[in-house]
Each structure stands twice: as C-alpha cells, then as structure tokens.
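Student: dropping a prediction and its sequence here:
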Amino acid sequence: MTIKEYYAPTHVYFGKGAEDKAGEVLKKEGATKVLVHFGTGSVKKSGLLDRVEENIKAAGIDFVELGGVVPNPRVSLVREGIELYKSEGCDYILSVGGGSVLDSAKAIGYGVYGGGDVWDFYCGKRVPEGIAPIGCILTLSATGSEMSDSSVITNDETDPIYKRGCNNDLGRIRFSLLNPELTYTVSKYQTASGSVDIMMHTLERFFHSGHTLELTDKLSFALLKEVIRWTPVALEKPDDYEARANLMWCGSLSHNGLMAAGNATLGDWACHQIEHELSAEYDVAHGAGLSAIWGSWARYVLDVDRDRFAKLGEGVFGESDPIRAIEKFEAFFKSIDMPTDIKGLGLDFDEAACKNAALGVTFQDARTLGDFKVLNTEDICNIYMMASGLK
Ligand code: NZQ
Ligand code: ZN
C-alpha cells in the first residue's frame, strides 16, 4: 500500500445551525471586513443572507456584498469582485451559495493575491502563489468545492467561450459550514444534477491506470450506494434531513481526495473535460452534462479493463456483467430524470458539432486527456457521436 500524500485542511462544521457559527469562526480567523459573495436570488429568498449578515455584524465584523454569481460562474464578475475586495479593504471572503458561488470566491481570492490578469491562473499561464482567506456556507450538495482544490470559471469575454479549472491546494478553503437543512429548497433538477456530480467525482477516480488501494474501492462503493439510496428520498421529500445530510457529506468526501487515496493516479477525469465543453458553450447544468456523457464514455473505454467495470457493478449493484453494470448506472440516472444522451440536454448535435466540441476539449488538437484510457480528438469526437446517437 502506498499513500504518497493526503491533504484536506478545511475545517468543517456540520449539522443543523452550522451557518450560525459564521461570525464566531470569522472572528477567530481574524477577519475584520468580509466580502459576502452569493448567487442570483436563492439566499435572499430563503432569508439566509440576512441571517448570516446579522450574525457577522453581531460578531463585530464589517462586510460588503457582491451577489449575481450565475451557474457556470463568469470571469467578468470575478474581476468586479477583485476590485471591490481591494477598494473596500476586505481581508476575508465568505461564499454563501452553491459550487458556482464558491468557485467565483476562489477566483477572487487568487486575483486579489496574485495581481495581473486572474484568467492567467485558469488558462495555465501562471500558477497561483497565494489566495485570500475563504470560508463558505454551502446551500447545494454537488461539486465538493467546499473541500476540493478546484475552482472552475467560465470566460465570457472570449469567442468561443472557455470554461477552465484551476486545481491547486491553495484552493482548499479555510472553513466550510455545512447545514443540510439549507439544501431543502434546492429544486428537483439541481438535486438530481448534484447527485450525478457527486457520483462522478468518485467514478472519475475509480477509473485510473495502475494499482488500486482496496480500501479506496470499498469506500467508493459505499459512497456511490449512499447517493443512489438517498437521492430518490430527497427528491420525494426535499426536507428529509437524513437524505440531505448523507448527500451533503457524500459530496464533500467524494471530491476531497479521499476517493483516490492510495491509487496510482488521481483518476481519469475525461468525462469532466468532455462535459465542461458543453456547459461552457450551452450553459447546461454540470451534473446533467456528465450524466449525458458517462454511458457513452464507459462503452467506448470498456475494453481497456472489463474487469474494472465488473468490479464496480458488483460492488454497487451486485451486477458483475460489465455491460449490465453500465446499464444499471444509466437506469439510475434516468430514474432521477437525468439525461443519458446529449438530446436529453435539449441539444441537437450533428457530426460537425461533435467535431467542433472535440477540438474545443483538446484545445484544437494540442492535448490528450484521460488516464484509464488516453483519448485524442478523434476518440472524443466518437464519444460525442455516440452520446448524440450518431454512432
Ligand atoms: O444563484 P442562486 O439563486 O443561488 O441559484 C442557484 C443556481 O441557480 C441554485 N441554488 C443553490 N442553492 C440553492 C439553490 N436554489 C434553491 N435553494 C438552494 N439552497 O442552484 C443553481 C445551481 O447552482 P450552482 O452553484 O451553479 O450549482 P453547483 O453547486 O452544482 O455548481 C456547479 C459549478 O461548479 C463547477 C461546475 O462546473 C459548475 O460550474 N464544479 C466545481 C468543482 C469544484 N470547484 O471542485 C468540481 C465540479 O466537478 C464542477 O466542475
Ligand atoms: Zn464535477
């Protein structure tokens, strides 16, 4: 067994009322003026934002607001946030919302620390050397950004539009306040999409090259089974605490590195790149995009190691036939109204659209992706074609 490194420094406060710790924790952190960052309305509607701001004020901490983060968060608002943080003399960022708000907060954090063009950190021109301190109050279980090293930003100032991630340990934020009750108001579609994302963060890691730590496989099966168990409960009864709590913690553990610990590599991650091209260009929900792609990817790469698929199927569904295992996952996605093809995203791809998207993923044929199976532009085009019913 080899575990070279495991780093998950975020201080998590979990459970009912966790958000009420905001003022206390920020004070302990030495914050004096906080940039409170949020989305397009849900936290105002639920009254959460008012409660949090009252709580911060009561702790004697000043704050300034920046709302307006949209799903697939945009670099233009990040730039606004960087200017605001500096001009207001802030020394902390508090994200109140889902993964998009938190990713935008991380980008602002890189920007205020690093100077220059913040997009450099996302297009790979520069590596961040620091970040402003960040905490979050999470309102949607999905991305795992509350413990992950990642932030994904969409550049709406370019044509074509780019969606790029910046993965760096600095992006693991200082604290996360996780109250499952705050996710009761998440729509059915976003709940289901979030659950697919949670599953995919484990599946991407499960499929990798080289040796595997058996414990990590077993943890992966347990996590996937819990998401499969609790998602329908949350959809049926949005205020079921057990369901929401299990999904929330699965979201954090699925993407904090645990599900790759002891494996030879960090995982495949091709599906995420293939999906990001869709959400960049067509603004689809990330989890829904993943569910539209995964089955086609799985069939395309199956022969690399059919036993791996068999093991997954057996561990999660008691189904050791590899093809039937893939079908079981797709049947689950369908059962929670998630698409299993590109049409299901409301998109009508022809061959030219598939080629164009594949070139976008490989930066015009400049890179390959994947680790379980390395994919080039032609492979990715084939996967888009399969997912579009053209192959
Ligand atoms: O803007 P508001 O009004 O808050 O509405 C949001 C948004 O419309 C709404 N929502 C959030 N919490 C709610 C709620 N509605 C009612 N009640 C609540 N409690 O849900 C909608 C979607 O929110 P968003 O934050 O976009 O969703 P999610 O958390 O799934 O984040 C998706 C983004 O994260 C990236 C994705 O690519 C996408 O851009 N990812 C980030 C990762 C990371 N940083 O580690 C990893 C992932 O693989 C992913 O790529
Ligand atoms: Zn994801």
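Tutor: Okay, I see it. Numbering: from 1, shown residues only. Ligands and ions are numbered 1, 2, ... in the order given.

Student: ok and the residue in the stretch 251-391 of the chain nearest ligand 1?
Tutor: residue 286 (3.8 Å; Cβ to the nearest ligand atom). C-betas here are computed from N, CA, C, even on glycine.

Student: how about the nearest residue to that residue, chain neighbours excluded?
Tutor: Of all residues not flanking residue 286 in the chain, residue 279 sits nearest, at 5.4 Å (Cβ to Cβ, 6 or more residues apart in numbering).

Student: need the three-state assignment for the one you found.
Tutor: helix (DSSP: H, G, I helix; E, B strand; the rest coil).

Student: so for the residue of the stretch 251-391 of the chain closest to ligand 1, what's the pLDDT?
Tutor: At residue 286, the pLDDT value in this model is 97.

Student: I'd assumed residue 275 was in contact with it.
Tutor: Yes. Here residue 286 reaches residue 275: they are 6.4 Å apart, a contact under Cβ atoms under 8 Å.

Student: most distant residue from the middle of this structure?
Tutor: residue 60 (33.1 Å; Cα atoms, centre = their mean).

Student: neighbours of the nearest residue to that one once chain neighbours are set aside, just the number please.
Tutor: Residue nearest to residue 60 in three dimensions, not counting chain neighbours: residue 27, with 7.2 Å by Cβ to Cβ, 6+ apart. A count of neighbours around residue 27, defined by other Cβ atoms under 10 Å, yields 14.

Student: what is the longest helix of this structure by residue count?
Tutor: For the chain, the helix with the greatest residue count under DSSP state H is helix 214-236.

Student: only alpha carbons, please: show that one as PDB.
Tutor: Provided in PDB are the C-alpha atoms of helix 214-236 (Å, rounded to 0.1, in the frame of the first residue of the first chain):
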ATOM      1  CA  GLU A 214      -8.700  -2.000  -2.000                       C
ATOM      2  CA  LEU A 215     -10.000   0.200   0.900                       C
ATOM      3  CA  THR A 216     -10.500   3.100  -1.500                       C
ATOM      4  CA  ASP A 217     -12.500   0.800  -3.800                       C
ATOM      5  CA  LYS A 218     -14.700  -0.200  -0.900                       C
ATOM      6  CA  LEU A 219     -15.200   3.400   0.200                       C
ATOM      7  CA  SER A 220     -16.100   4.300  -3.300                       C
ATOM      8  CA  PHE A 221     -18.800   1.600  -3.500                       C
ATOM      9  CA  ALA A 222     -20.200   2.700  -0.100                       C
ATOM     10  CA  LEU A 223     -20.400   6.300  -1.200                       C
ATOM     11  CA  LEU A 224     -22.000   5.500  -4.600                       C
ATOM     12  CA  LYS A 225     -24.500   3.300  -2.900                       C
ATOM     13  CA  GLU A 226     -25.500   6.000  -0.400                       C
ATOM     14  CA  VAL A 227     -26.000   8.600  -3.200                       C
ATOM     15  CA  ILE A 228     -28.200   6.000  -5.000                       C
ATOM     16  CA  ARG A 229     -30.100   5.300  -1.800                       C
ATOM     17  CA  TRP A 230     -30.700   8.900  -0.700                       C
ATOM     18  CA  THR A 231     -31.300  10.900  -3.900                       C
ATOM     19  CA  PRO A 232     -34.800   9.500  -4.500                       C
ATOM     20  CA  VAL A 233     -35.600  10.100  -0.900                       C
ATOM     21  CA  ALA A 234     -34.500  13.800  -1.200                       C
ATOM     22  CA  LEU A 235     -36.500  14.100  -4.500                       C
ATOM     23  CA  GLU A 236     -39.600  12.700  -2.900                       C
END
